[in-house]
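1. I would like to see how this sequence folds:
(chains A and B, ligands or ions: 3)
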Amino acid sequence: MSRNTMPTDVENWKSEVYGNEIREHLFEFAERGFDSIPDDERDAWFERFKWWGLYHQRNGQEGYFMMRIGTPNGVLKPGQLRVVGEIADEYARGPGTNPIFGDAYADFTTRQSIQLHWIELSDVPAIFEKLEENGLSTQQACGDSWRNIVGNPVAGKDGQEVIDAWPVIRDLNETFKGDDDHANLPRKWKVSVTGSADGSGQGDINDLAFEPAYKDVGGDDGEGGGDGAEGGERIVGFNVRVGGGLARNEPRFARDIDVWVPPERVSDVAGGLSALFRDHGDREDRYNARIKFLVDEWGPEEVRETLQTEYVDFDLETAGRDVREEYTYNAGEGERNDLIGIHDQKDGRNFVGLNVLVGRMGAADVLDLADFAEEYGSGEVRLSQRQNVIVTDVPDGELDDFLAEDLLEHYSPEPSPFMRGSVACTGTEFCSLSIVETKNRQVRFARWLKENAELPDGVEEFHVHLSGCTASCAQPQIADVSLRGMKTRKDGEPVEALDVGLGGGLGEEPGFARWVTQRVPADEVPGAIANLLESFADRREEDESFRAFVARHDDEELDALVDPEETDYEDPMMHNTKRTWYPYAENDGLEDAPPVPADD
Amino acid sequence: MTTRLRVLDDGAWISVDDHREIRVSELWRLDAPGFCSCDLADLVVENFQEVGVDGSRVEARVYGQCIACGGAGITDWLPVGRVRGGEFVELDRSCVRRTRRE
Ligand code: HEM
Ligand code: SF4
Ligand SMILES: [Zn+2]
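-> Numbers count the residues shown, from 1 in each chain, chains lettered A, B, ... in the order given. Ligands and ions are numbered 1, 2, ... in the order given. Predicted coordinates:
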């Protein structure tokens, strides 16, 4: 009996051709047409194409690709958003039309990147040329290496900033994108660098996190970490955490390895840890490959010691004094759980965070927004990890006119909490792993909740994250209400369902949602949330947050409060949307799938 | 001719000779007493762990959850299809699957 398992195949393919060199093959296939990929090499090439940001869409959509553009820290320099809009408009159209979003759209993702769909291989060289001429790239956007580096998107501008992380991120990006020594890692490598005190870089759920921290050096107390810097100097740098990630029912928060680094050494430490992962990560079993499992096995002390003895050539400092007690982003408590709304920049201008429901924006809107960013700001736009956009550099005098634009009715700086709190992944529309439809469903949920559910007085924010499977791309475990794709039977018929988790969030003490109610038919979920919110209002102690409310109840009590119910909410996607070639097509059966696109 | 069998995209599907043949998100009936407390498990296929071939029988180990009782985990080897004359034929999705008894 022979058993072929995935790890060896993928590792074998990577050892043959991987990294930068994939590009010339990709271009050759694009030139000669999709069918020029030899039949017995398709699996290998589709795996490799990921490194250049191309992910083959699910079955029924053969020959079409999702293209991910990595925008470090979510920064789009003046003009770049327009380029994205133009590319989406010209190339991101396929045989399926989305009933809510239409024909050509861009997705802003939970890791501050951009995804386009229905991309044809033959168009890739032209798209790359246009992206690269304008300083954008898809390099390493997917695949086993350094992914898009995330952080507080308003780095360098934020009034709350402790240290400007943008130069550090730029440097890491330049160093590790395209570096052959770090191009082939056992698995993806997700890095977060944050300089602001709000926690908006979400370091805790990344493989490697740099978070702002103070260190007193050169004084009596060389260990530092204190408030004062008697006789010495207090430097702002970063504490280091390793091994966070949400995927596969194995969520972990990054672990503190007791290291502080000054900004100029971030690259050495990041490179050291990436090399450590390269050499010691599990290449035999992809399910066990992420560094979170290595940290489980070794413990943070051994990670630190190995880093010190084998991967850096200077003495590591111990951790400095962090500012985690000030973290609010996605914390479910206090102000500034997101970056929506009008905020002060250091330079007196403003950044305006606009809500993009489930992160998806039609190409025409993308182009309009690019215009407005130029007209009212500097042309720059930034992307947050809550799938929203931020227009920066708007002077006080331009604010009123900007806010009066019609476009901002759809992408509001003051949205309903239910629109504002919604995050959803790709789901069955395009994704192979998905169990249920996600983005359109979450839009319908948010609209229904806005009309039919109420938050208790003083609760301004409420986060609902929907992921189509356990890969957790929508970061469900760190929301007030976590929804995750499942199936159940209703009147004997299989229907799409969601598991419901409650009370997750980041902040000083992050916590994962507890999965209290399983397999709620999708059409009963809005009713369940409305009922839950009623119970919350009734039983809330003073001005208790939802997260605190959840924390003081056990799973059984919470399960009882969820109370699924059919309402006037209607869900058109209850059937097995994965058995379609496109969930919203009129003739949606797999037998009606479009042919592989002809080469033009 | 040997058959190339692979689990790809983090367990999203099984590839047979570089064609995507079997995907997650289906419901399978399982006669697998060890898997959960039900006589017949009603399994949501969430993830393929491994694929292999025994003679002409293609088998996989699956991560999933029984929607009748909530039991979750990795199954033993389950049949997913056959290779006949070099062609892969998927098992009827509504059939009851039994783990191989050695
Ligand atoms: C074609 C669509 C997509 C596919 C096939 C896909 C695939 C995957 C897979 C396989 C994982 C799990 C990897 C692991 O084991 O760690 C994953 C995780 C993740 N992906 Fe995606 N993804 C897709 C779309 C997206 C989108 C749209 C986003 C952002 C909005 C995203 C961001 C993430 C994030 C944040 C995680 C969580 C991983 C972690 O923190 O551990 N992906 N994706
Ligand atoms: S969470 Fe699952 S369904 Fe959603 S995009 Fe990620 S892999 Fe696909
Ligand atoms: Zn069962």
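2. just the strands in chain B please.
-> Applying DSSP state E to chain B gives strands spanning B:5-8, B:13-16, B:19-23, B:27-31, B:41-54, B:57-66, B:72-74, B:78-84, B:87-90, B:96-98.
3. export those strands to JSON lines and tack on mean neighbour count, mean pLDDT and distance to residue A:536?
-> C-beta: built from backbone N, CA, C; applies to glycine. Formatted as JSON lines, these follow (neighbours: other C-beta atoms under 10 Å in any protein chain shown; pLDDT from 0 to 100; distance: least, C-beta to C-beta, whole Å):
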{"stretch": "strand B:5-8", "mean neighbour count": "23", "mean pLDDT": "93", "distance to residue A:536": "42"}
{"stretch": "strand B:13-16", "mean neighbour count": "24", "mean pLDDT": "94", "distance to residue A:536": "40"}
{"stretch": "strand B:19-23", "mean neighbour count": "20", "mean pLDDT": "93", "distance to residue A:536": "38"}
{"stretch": "strand B:27-31", "mean neighbour count": "19", "mean pLDDT": "95", "distance to residue A:536": "34"}
{"stretch": "strand B:41-54", "mean neighbour count": "22", "mean pLDDT": "94", "distance to residue A:536": "30"}
{"stretch": "strand B:57-66", "mean neighbour count": "22", "mean pLDDT": "96", "distance to residue A:536": "28"}
{"stretch": "strand B:72-74", "mean neighbour count": "13", "mean pLDDT": "95", "distance to residue A:536": "29"}
{"stretch": "strand B:78-84", "mean neighbour count": "18", "mean pLDDT": "93", "distance to residue A:536": "43"}
{"stretch": "strand B:87-90", "mean neighbour count": "14", "mean pLDDT": "92", "distance to residue A:536": "47"}
{"stretch": "strand B:96-98", "mean neighbour count": "15", "mean pLDDT": "94", "distance to residue A:536": "43"}
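4. as JSON lines, those strands with distance to residue A:246 would be great.
-> Below are the strands of chain B laid out as JSON lines (distance: least, C-beta to C-beta, whole Å):
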{"stretch": "strand B:5-8", "distance to residue A:246": "21"}
{"stretch": "strand B:13-16", "distance to residue A:246": "22"}
{"stretch": "strand B:19-23", "distance to residue A:246": "23"}
{"stretch": "strand B:27-31", "distance to residue A:246": "26"}
{"stretch": "strand B:41-54", "distance to residue A:246": "15"}
{"stretch": "strand B:57-66", "distance to residue A:246": "17"}
{"stretch": "strand B:72-74", "distance to residue A:246": "18"}
{"stretch": "strand B:78-84", "distance to residue A:246": "28"}
{"stretch": "strand B:87-90", "distance to residue A:246": "32"}
{"stretch": "strand B:96-98", "distance to residue A:246": "31"}
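5. can you list these in CSV and add distance to ligand 3?
-> Below are those laid out as CSV (distance: least, C-beta to the ion, whole Å):
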stretch, distance to ligand 3
strand B:5-8, 24
strand B:13-16, 23
strand B:19-23, 22
strand B:27-31, 8
strand B:41-54, 5
strand B:57-66, 3
strand B:72-74, 9
strand B:78-84, 15
strand B:87-90, 24
strand B:96-98, 14
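6. kindly reformat the ones you listed as TSV containing distance to chain A.
-> Output for the strands of chain B, formatted as TSV (distance: least, C-beta to the nearest C-beta, whole Å):
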stretch	distance to chain A
strand B:5-8	4
strand B:13-16	5
strand B:19-23	5
strand B:27-31	5
strand B:41-54	4
strand B:57-66	7
strand B:72-74	8
strand B:78-84	12
strand B:87-90	12
strand B:96-98	16
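7. confidence score at residue A:334?
-> pLDDT, residue A:334: 74.
8. make that residue A:468, sorry
-> Listed pLDDT for residue A:468 reads 97.
9. wait, it sits on residue A:428?
-> Yes - the pair residue A:468 and residue A:428 qualifies as a contact (C-beta atoms under 8 Å) at a distance of 6.4 Å.
10. of these two, which one has the most company?
-> residue A:468 (33 against 29; other C-beta atoms under 10 Å in any protein chain shown).
11. overlap in contacts, residue A:468 and residue A:428.
-> A:434-438 (C-beta atoms under 8 Å, 6 or more residues apart in numbering or on different chains).
12. now do the phi/psi pair for the closest residue to residue A:525 other than its chain neighbours.
-> Leaving aside its sequence neighbours, residue A:525 sits nearest to residue A:498 (C-beta to C-beta, 6 or more residues apart in numbering or on different chains; 5.4 Å). Backbone torsions of residue A:498, given as degrees, to the nearest 10, read phi -130, psi 140.
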